[in-house]
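K.L.:
have a look at this prediction, sequence included:
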Amino acid sequence: MPELHALFGGTFDPVHYGHLRPVEALAQLVGLKKVTLLPNNVPPHRPQPEASPAQRVAMLQCAIAGRPLFDIDQRELARTTPSWTVTTLESLRAERGPRQPLGFIIGQDSLLSLAKWHRWQDLLSLCHLLVCKRPGYATRMETPEMQRWLEQHLAQQVQDLQQKPAGYIWLADTPLYNISATEIRQRRHQGLPCDDLLPPSVIDYIDRTGLYRN
Ligand code: ATP
């Protein structure tokens, strides 16, 4: 069986330690060699990120320099249609073949809102869901049906994730980081420091380009 490969989607406006550190801890816990970051395309009718797609990629590039665990896949940015995770996973599954174990990483907040995702019922036929803790979010699902769905799919042991190509949910015991991109953008607009919230290389990029200034 090929090694588990993990994918991590997000807006990354900007990427921060609340993205990077839980995922680095997850990689240790699960034995991941590679995590592919998937910056998403925000459709025109939705509130747009402050940073352009090229700036979000540039910030990811700054962040992963010296972090060999990560690489970047820009396929969602190349779309003109919304970048639905399920569609991206279908294209990755077609490329990697049916036997490749794939894990899609999300934070606890995303798990709680999963029932709002396009074709969410199809996700587990394409990948495992690897869930990182996030402070301030409930640990139980919002409805008894969703809680039952979660419990039915929980992996019992980490090895399960290697033994099937998709289908399990893994609630990882990752460290808590109370950081959000929203807070970083607000702090920058107020001229407040963000030193402990994101890598210095990303702060340098933000300083140089004047992002999140006004
Ligand atoms: P925003 O504040 O702009 O909504 P965000 O900080 O939540 O952004 P996203 O790019 O939307 O970041 O998140 C991408 C993924 O990272 C999501 O699955 C989200 O749950 C997860 N994530 C973001 N911040 C954290 C955090 N502090 N701890 C754990 N997971 C996180």
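P.N.:
Alright, I've got the coordinates. Numbering: from 1, shown residues only.

K.L.:
what about Ile206, distance to the ligand?
P.N.:
From Ile206 across to the ligand, the span is 14 Å (Cβ to the nearest ligand atom, to the nearest Å). For glycine as for every other residue, the C-beta is placed from the backbone atoms N, C-alpha and C.

K.L.:
show me what the helix or strand where that residue lies packs onto, helices and strands only.
P.N.:
Under the criterion of DSSP states H and E, Ile206 resides in helix 200-209. Identification of packing neighbours for helix 200-209 by 3 or more Cβ pairs under 8 Å, 6 or more residues apart in numbering; DSSP states H and E yields helix 53-64.

K.L.:
which parts of the helix it packs on are buried?
P.N.:
Pro53, Gln55, Arg56, Val57, Ala58, Met59, Leu60, Gln61, Cys62, Ala63, Ile64 (16 or more other Cβ atoms under 10 Å).

K.L.:
next one: stretch 79-95
P.N.:
Neighbour-count burial for stretch 79-95 [16+ other Cβ under 10 Å]: Ser83, Trp84, Thr85, Val86, Thr87, Thr88, Leu89, Leu92, Arg93.

K.L.:
do that stretch and the ligand meet?
P.N.:
No: Stretch 79-95 lies out of reach of the ligand by Cβ under 6 Å from any ligand atom, never closer than 9.9 Å.

K.L.:
could you pull up the mean pLDDT of that stretch?
P.N.:
Average pLDDT, stretch 79-95: 91.
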